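> below are the sequence and a predicted model; questions follow.
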Amino acid sequence: MQAETGKNNRHIAWNGVCLDIPFAWDARVSGQRQLIFEKDFEPQLQIRWEKVGKDTPKALRRRLQQFAVQLGPLVEEDNFPVELQPIKDTFDLVTCFQKESGKIAGGIFLCPDGHTLLLFQLLAHDPTLLQEMNSCLTTLSCPSHSGSLWCIQDFSLTIPVSFTLKDYTFGAGLTRLSFTSSDLFLQTCKLGPADRRLEQQSLVEILSTLSDDKDLAIITEADNSCSGYRNPTIPRQILFRLRRQKPFIRAKIWHDAGKNRLLAVVLSSNRPIPIAAIQNICSRYEIVQKENRE
């Protein structure tokens, strides 16, 4: 989701990091822990991060040096840019680096609430970028709470915090995120444009394809949605396990006609899946359309 948090910014959340960015910016995923922010298709800012736990100060500073190899010479304390002072007031171990020209190349800081080390790198030469970056990074947090929020592009998804990201695909007309938690495997999909897809396949056919099971038991619902499940007998459970497939499946797909998108959630497991498990995820998965701003 690139959800509005104010007139001139929107909220972004990806793999444990949340922040507000200017509304004129767009977020592009370039790695499991890497985002690039663009304005009019021109890269402005890149951030990368990693969890460092409760490392000793010496270990952290050693990691800082390794993390910053590509950024250039260190900015001395006396020359620390005044535009970035709010970042220094907000986070720990804030260090800046500069290019040979003397302009700020980027920096590193520690987000203490999530014990996360972050690197930021400026990718443009706009004189207003330092101020925009400061406004952006001072909103950054690495929260630990009862749900895990994912907000990127035009969708919002909240899943239990026990799930960890396994893989992702941002393709033309299809966004797919996959997660694991113990023996559970979760896939969430966003497909569009929905009207064109539904001219070629029904919701039932699309759900069967996403679930990789043409014999999925389907329940058609009245609100432009359908659900599917697989609860195999013990002999068939053994057969699925021999094929290295998870025997039990619960899945749902629905049509958000107002946003012209299809949303789908597929859960698979080695054990029976309570229906509440998928209902909880589906209720927190939605499209948030980006609006044009002056």
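Received, thanks.
> wasn't Leu19 part of a helix?
No. Counting by DSSP: H, G, I helix; E, B strand; the rest coil, Leu19 is not part of a helix but strand.
> kindly provide the distance from the closest residue to it other than its chain neighbours to Gln65.
The shortest distance from Leu19 to any non-neighbouring residue, by C-beta to C-beta, 6 or more residues apart in numbering, is to Leu140 (4.1 Å). C-beta here means a position set from N, CA and C on the backbone, and glycine is covered the same way. Going from Leu140 to Gln65 by C-beta to C-beta, to the nearest Å gives 22 Å.
> try Tyr229
Distance from Tyr229 to Gln65, by C-beta to C-beta: 52 Å.
> OK, contacts around the residue nearest to Asp223 when sequence neighbours are not counted?
Nearest non-adjacent residue to Asp223, counting by C-beta to C-beta, 6+ apart: Trp254, 7.2 Å away. By C-beta atoms under 8 Å, 6 or more residues apart in numbering, the contact list for Trp254 reads 203, 223-226, 262-264, 282.
> so, low pLDDT: which residues of the stretch 1-150 of the chain?
1-7, 55-57, 60, 64, 67-68, 70, 114, 145-146 (pLDDT under 70).
> need the helices for it, in chain order.
57-67, 85-90, 129-137 (DSSP state H, counting those that start in this stretch).
> my guess is Ser182 meets Thr164, correct?
No. Taking contacts as C-beta atoms under 8 Å, Ser182 lies outside contact range of Thr164: 10.5 Å.
> so which of those two has more stuff around it?
Thr164 (13 against 10; other C-beta atoms under 10 Å).
> check the secondary structure at the most far-flung residue of the chain relative to its centre for me.
Distance from the C-alpha centroid of the chain peaks at Pro235, with 38.5 Å (C-alpha atoms, centre = their mean). Of the three states, Pro235 takes helix under three-state DSSP.
> next up, the contacts around it.
By C-beta under 8 Å, 6+ apart, Pro235 has no neighbours at all.
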